[in-house]
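Enquirer: Quick one, fold the following:
(chains A and B)
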There are 2 protein chains.
Amino acid sequence: MADLKNKILELVQDDLEAIEEALIENLKPYLELVSEVAGHILFSGGKRLRPLLMVLAARLCGYKGGYDKTFSTAFEYLHAATLLHDDLVDEAHLRRGKPVAHSIWGNSTAVLVGDFLLARGLSIAAAAGNPIIIQVIADITENMSQGELHQLNRKGSLDLTEAEYMDIIRRKTAVLFQGACRISAILADADKEKESALSDFGFHIGMAFQMADDLLDYTFDTRALGKAVGADLREGKLTLPVIYSLKHARPADRKKMEALIQNGDFSVENFRWLVEILKNSGGIDYTKMLAGDHVEKARQSLSIFNDSKTKNILLGIADYAIVRNY
Amino acid sequence: MADLKNKILELVQDDLEAIEEALIENLKPYLELVSEVAGHILFSGGKRLRPLLMVLAARLCGYKGGYDKTFSTAFEYLHAATLLHDDLVDEAHLRRGKPVAHSIWGNSTAVLVGDFLLARGLSIAAAAGNPIIIQVIADITENMSQGELHQLNRKGSLDLTEAEYMDIIRRKTAVLFQGACRISAILADADKEKESALSDFGFHIGMAFQMADDLLDYTFDTRALGKAVGADLREGKLTLPVIYSLKHARPADRKKMEALIQNGDFSVENFRWLVEILKNSGGIDYTKMLAGDHVEKARQSLSIFNDSKTKNILLGIADYAIVRNY
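Expert: Numbering: from 1, shown residues only, chains lettered A, B, ... in the order given. Down below sits the predicted model:
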């Protein structure tokens, strides 16, 4: 697992450095506090997965223009903006092991810097001067806020369905990955077939990525993730492993699960019991299986492209989306 | 004053009804809660000044397309989005005499519905398919969040300068009015001279409007405004009447003013004293004078257009921007 990650990182090192430079460059001219708060969320160990996918997808389509690195920052800014607002919505305390922005600078600053980063992302996207691209970006932002609202509305609801979960993660996560890959194709003037293939690739990676992320809450030593044990469930956020297990656990176990979820404030011992149930009733495996399906579909989407170093990196990232264990 | 308002309202009644319909229509297909929360802020007695200016400016440029009413809602959605976030930033309790959204639905919902309305506004703007228009909209959103952040950073600062105040109100208010008027000209394919004239018109109306709004905190029975007496100052928001008076009041009065501002929690009696000082040291008159200058400049901007019913209404709105007393 660590090998795959290191191998990918080595292959994209130059791209990541260029993206990092662009991220700094595009924030420089702004108010000191904006840079400080934005920097806190932007330069604290993010993976730059979204901009990286954009840059690689553009290369796969033979893009020769000079705007891909700059444009790719729009996706990181949009992502950072939603993190700032979501941490506030979730009343989170830690992200990547560091105190969240709103606990340092206050809610007001977190809201407004989030707004600023969103606006900055839009400006960068608008500068490409392509109406279709802008429509894609506008759709992304609309979907993301709707996904978050849907999730918020249904917090703590034991009857959240798998279909609702899929719709939520599609909107809040997959559309951004999808947009990053699709816009690359548009930027590179690729034909519709390639645009559609890359759109699918991004969508499936995004779905797999979010499922894997949701799994981490139950399969990994979450302290290393820099957030509290069972954070999702404490916030009343039901994700696929839980949704599946609520349906398939034995009645007595289900009752105890429901009580735990409604209570919200569970002990480490209770949490361990819950993780056992998620394993035994198939919630973990089912989620892994669906995430694996999405990775497979992501890989298949690229079949129309000739083999190349860039294609191989993209395939590696697809695999990595579900094996990451940082 | 009331006459001017009624006369304008009569002349634009059809436009306002069409805007109202479009505002509802463009929110319909969305999640129930979004419509409810968004409706709370959108349908609670707003003046629709921004969409109205857009529709009238488009007509002045001979626009014959069918997208102006729909597009105009983007400006009301952007405005409503900032109100939702600003009320949270300001920890306000009332707006237009009603409890603010975050006190009913919570901070999280207010943040996310604000994000949604911003995204909705962008989608509507993007649908016009014009890259220049999109760039203007992106600039507006970037300026607005920077203006709000600047204001937030300097809350309670007694050394806020007039130049900073002007920059803050330009960004947080005037650019949206300016954009609404300028985009009309672009939408109508008007020449650069008309585009520039309408841009100036919107800018000056926006500046005058915000100064008049800031004056209302000190010149009017603020209970009728639906917010607490001296709300701006309680939040540490120094506006032009105060900035000017701090500079021109007698040293003893200035000291007392500074103490009041830093304390923040003043009695009605103290507030009355403050209003007297603002009057006597020229802060009120100076603000009125500058607001009046902007109205005059707004009127002059329209001089390149032939006389027409539409031009007269726009001139009336310019006058109204500083005499409104609701």
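Enquirer: alpha carbons only for contacts and neighbour counts from here, please
Expert: Fine.
Enquirer: Could you list the low-confidence segments of the stretch 101-250 of chain A?
Expert: A:220-229 (pLDDT under 70).
Enquirer: And the helices in it?
Expert: A:101-105, A:107-126, A:131-153, A:162-169, A:175-187, A:192-219, A:231-234, A:240-248 (DSSP state H, counting those that start in this stretch).
Enquirer: Just put those helices in JSON lines and tack on mean neighbour count.
Expert: Output for these, formatted as JSON lines (neighbours: other CA atoms under 10 Å in any protein chain shown):
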{"stretch": "helix A:101-105", "mean neighbour count": "17"}
{"stretch": "helix A:107-126", "mean neighbour count": "26"}
{"stretch": "helix A:131-153", "mean neighbour count": "23"}
{"stretch": "helix A:162-169", "mean neighbour count": "17"}
{"stretch": "helix A:175-187", "mean neighbour count": "26"}
{"stretch": "helix A:192-219", "mean neighbour count": "23"}
{"stretch": "helix A:231-234", "mean neighbour count": "19"}
{"stretch": "helix A:240-248", "mean neighbour count": "22"}
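Enquirer: Quick one, which of the ones you listed gets closest to residue B:211.
Expert: helix A:107-126 (22.5 Å; CA to CA).
Enquirer: How about residues contacting the closest one?
Expert: A:34, A:37-38, A:70-71, A:73-75, A:77-78, A:80-82, A:84-85, A:88, A:101-102, A:133-134, A:137, B:85, B:88-90, B:111, B:115, B:131, B:134-135, B:138-139, B:141-142, B:145-146, B:148-149, B:152 (CA atoms under 8 Å, 6 or more residues apart in numbering or on different chains).
Enquirer: Next, the angle from the helix or strand where residue A:313 lies to helix A:192-219.
Expert: Using DSSP states H and E, residue A:313 sits in helix A:309-323. Going by axes from the mean of the first three to the mean of the last three CA atoms, to 10 degrees, helix A:309-323 is angled at 30 degrees with respect to helix A:192-219.
Enquirer: Output helix A:309-323 as CSV, nothing but the C-alphas.
Expert: What follows is helix A:309-323, C-alpha atoms only, in CSV (Å, rounded to 0.1, in the frame of the first residue of the first chain):
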residue,chain,number,x,y,z
LYS,A,309,2.9,7.0,-18.6
THR,A,310,0.2,9.5,-17.7
LYS,A,311,-2.5,6.8,-18.2
ASN,A,312,-0.6,4.5,-15.9
ILE,A,313,-0.4,7.2,-13.2
LEU,A,314,-4.1,7.8,-13.4
LEU,A,315,-4.8,4.1,-13.1
GLY,A,316,-2.5,4.0,-10.1
ILE,A,317,-4.4,6.9,-8.5
ALA,A,318,-7.6,4.9,-9.0
ASP,A,319,-6.2,2.0,-7.1
TYR,A,320,-4.8,4.3,-4.5
ALA,A,321,-8.3,5.9,-3.9
ILE,A,322,-9.3,2.9,-1.9
VAL,A,323,-6.1,1.6,-0.3
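Enquirer: ok, so what distance separates the residue nearest to residue A:237 when sequence neighbours are not counted from chain B?
Expert: Excluding the flanking residues, the one nearest residue A:237 by CA to CA, 6 or more residues apart in numbering or on different chains is residue A:155, at 5.4 Å. With distances taken as CA to the nearest CA, to the nearest Å, residue A:155 is found 12 Å from chain B.
Enquirer: how many neighbours does residue A:155 have?
Expert: If you count neighbours by other CA atoms under 10 Å in any protein chain shown, residue A:155 ends up with 16.
Enquirer: Spit out the contact partners of it.
Expert: Residue A:155 neighbours (CA under 8 Å, 6+ apart): A:235, A:236, A:237, A:238.
Enquirer: Of these, which is the most crowded?
Expert: Most surrounded of those: other CA under 10 Å gives residue A:238, at 25 neighbours.
Enquirer: Wait, it touches residue A:162, no?
Expert: No: Residue A:238 is beyond contact range of residue A:162, at 9.9 Å (criterion: CA atoms under 8 Å).
Enquirer: from the middle of its chain, how far away would the strand or helix carrying residue A:284 be?
Expert: Per DSSP H and E, residue A:284 falls inside helix A:283-301. Chain-centre distance of helix A:283-301: 16 Å, with CA atoms, centre = their mean, to the nearest Å.
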